[in-house]
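Peer 1: got a predicted model here, sequence first, then my questions.
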Amino acid sequence: MQVLLAKSMTRSPSSSRKRLLAAALNLFSDQGFNLTTTRQIADLAEVNEATLFRNFGSKHDLLLAVIDDSGMFSHLHESFSGSSMESDSLAGAITNYARDRLLRLEQHSELLRALVGEAGQYSVMQQRVLAQRLTQSTQELAAYLARVMEREQVTAHVSSEALARLLNSLLYGCLVTELTSELHSGGTNRDTFIDSVVQLCLHGAIASSPPDIVTMSEQQGRATALPASMSKHDEKRIADLPADVVRSILQQAKKHGAQTYAIVYLLFGSGILPTEVLGLRRSHHISNARQHLVQINHGAVRQVPVNQWVMGKRYGSYANNPLSQWLKSRKDQDPSLFLTDQGQPLTQSALLELWHAATADMLAPDNSPPHIEQARQTWCVEMLMKGMSVDDLSLLSGWTTAQLQPYVRRAREKAALERALQLDQKSS
């Protein structure tokens, strides 16, 4: 096999980089990552080792490049444009995606085994690159799930990104378990596993609570027990963003146009849910020299102030800010506050695409790209840090005081840290 590959590469006009990728994939698959040397890869690619290191830096960098080139965590649009898109239900779409993903990952089982086996050997930069690839695949899946839910007129008590993270984690975990143990779930066992994944995603593991998937009309007719962007597990982990990251996101959003800038400003300045952004109309925007408010008319009905100051930086005034500037730039008469490129009311998938554009190439403190849910988390913590009471924040956020307790703890943690730093500075 290696001889045939070497001969084909000799005749091919491909670049040294492509030949090295092909050789590495061949050797990693045949004999594993650990037993493959850079000299073997270079020899098979008919280049010297210096060329390998010049192109990739290290063997681990080469592994990540091979994974990129294989499409293990990318090219998901190929799945979405195939059988998954033909499904007439969300359950069918998840089932078809799960089968396709497991099949594609299984085709690269040696690479996945190498990826897991070398987990403790990656540099910080390599870990960030890998995190970006994994997050990108989750974001692509989230956008697809949002489109399917939109088409089927259903929504969830968790965001499409949270649902996508859960689904991908289950699928990757399944195959990693198979590759690293004696457990093999081929055939009927795998179908049973996929059925369980679908049931977990759609209805949860416990049947005593209401299903997580409800129609939009049902959701609008009653307040949900949990906000649309949080699960019971997520509410214990507050991942507010630091001021420098928030400012960078707003700066990048501004470069992507007035509407993107207005939406990101609204998310960080008012803390409303992404689903609430989609329901806003022009008439829900109230702005004058003394105040700037948005009216939320579904779910937890309330008025929410839009802050001039976001994480220590002022963005205009009550009457002149990114949101008011977006409205002034509008030439149409559509009553919706935000629109798609086609002039239709903004959809969940379009909102996620705008968020991804504003946060591209950025990392949160945990080295993962910022998620749209973190805007609300950041706003809640900031309001508490400024001295707002839990009762008042409950009125503005639409959450119960019990749901806000993790934010109270996070605000106390940040306040304690600031006091400790101040004491240390006084001592020096």
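Peer 2: Received, thanks.

Peer 1: drop to CA atoms for contacts and neighbour counts, all remaining ones
Peer 2: Will do.

Peer 1: which stretches in the stretch 301-428 of the chain count as helices?
Peer 2: 322-329, 348-359, 373-385, 390-397, 405-427 (DSSP state H, counting those that start in this stretch).

Peer 1: could you list the low-pLDDT ranges of this structure?
Peer 2: Low-confidence segments of the chain (pLDDT under 70): 1-14, 74-88, 118-119, 122, 153-157, 179-188, 204-237, 427-428.

Peer 1: at 50 instead, please
Peer 2: 1-13, 83-85, 187, 207-235 (pLDDT under 50).

Peer 1: remind me, longest helix of it?
Peer 2: In the chain, taking DSSP state H as the definition, the longest helix is helix 124-152.

Peer 1: what angle separates it from helix 348-359?
Peer 2: 160 degrees (axes from the mean of the first three to the mean of the last three CA atoms, to 10 degrees).

Peer 1: show me where the chain has strands.
Peer 2: Taking DSSP state E as the criterion, the chain carries its strands at 154-156, 213-215, 285-287, 292-296, 302-305, 309-310, 313-314.

Peer 1: hey, which of the ones you listed is tucked in deepest?
Peer 2: Across the strands of the chain, averaging neighbours per residue (mean count of other CA atoms under 10 Å) puts strand 154-156 on top, at a mean of 22.

Peer 1: can you show me the helices along the stretch 1-150 of the chain?
Peer 2: Using DSSP H, counting those that start in this stretch, helices in the stretch 1-150 of the chain cover 2-11, 16-31, 38-45, 49-56, 59-70, 77-80, 83-86, 90-107, 109-117, 124-152.

Peer 1: coming back round to it: kindly reformat the strands of the chain as TSV containing distance to Ala23.
Peer 2: Output for the strands of the chain, formatted as TSV (distance: least, CA to CA, whole Å):
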stretch	distance to Ala23
strand 154-156	45
strand 213-215	47
strand 285-287	59
strand 292-296	58
strand 302-305	58
strand 309-310	51
strand 313-314	52
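
Peer 1: out of these, nearest to Leu111?
Peer 2: Nearest to Leu111, of all those, is strand 154-156, at 34.2 Å by CA to CA.

Peer 1: look up how far Ser397 lies from Leu44.
Peer 2: 61 Å (CA to CA, to the nearest Å).

Peer 1: same question, Asp366
Peer 2: 26 Å.

Peer 1: give me the more crowded residue out of these two.
Peer 2: Ser397 (24 against 10; other CA atoms under 10 Å).

Peer 1: hmm, the more buried one is touching Gly299, no?
Peer 2: No: the pair Ser397 / Gly299 is not scored as a contact, 11.0 Å apart, by CA atoms under 8 Å.

Peer 1: I'd say Ala98 and Leu171 touch.
Peer 2: Yes: assessed by CA under 8 Å, Ala98 is found in contact with Leu171 at 6.9 Å.

Peer 1: which one's more surrounded, the two?
Peer 2: Ala98 (24 against 18).

Peer 1: contacts only, for Ala239.
Peer 2: Contact analysis of Ala239 by CA atoms under 8 Å, 6 or more residues apart in numbering lists 374, 377-378.

Peer 1: now render these as TSV, adding distance to Glu353 and neighbour count.
Peer 2: As requested, these are exported to TSV (distance: CA to CA, whole Å; neighbours: other CA atoms under 10 Å):
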residue	distance to Glu353	neighbour count
Gln374	16	20
Gln377	20	20
Thr378	20	24
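
Peer 1: nearest to Val66, of those?
Peer 2: Gln374 (32.3 Å).

Peer 1: and that closest one, how far from Gly398?
Peer 2: Gln374 is 17 Å from Gly398, by CA to CA.

Peer 1: about what we covered before: in CSV: the helices of the stretch 1-150 of the chain, plus distance to Glu276.
Peer 2: Conversion of the helices of the stretch 1-150 of the chain to CSV gives the following (distance: least, CA to CA, whole Å):
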stretch, distance to Glu276
helix 2-11, 55
helix 16-31, 46
helix 38-45, 53
helix 49-56, 45
helix 59-70, 36
helix 77-80, 27
helix 83-86, 27
helix 90-107, 22
helix 109-117, 39
helix 124-152, 15
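
Peer 1: nice, that's everything, thank you.
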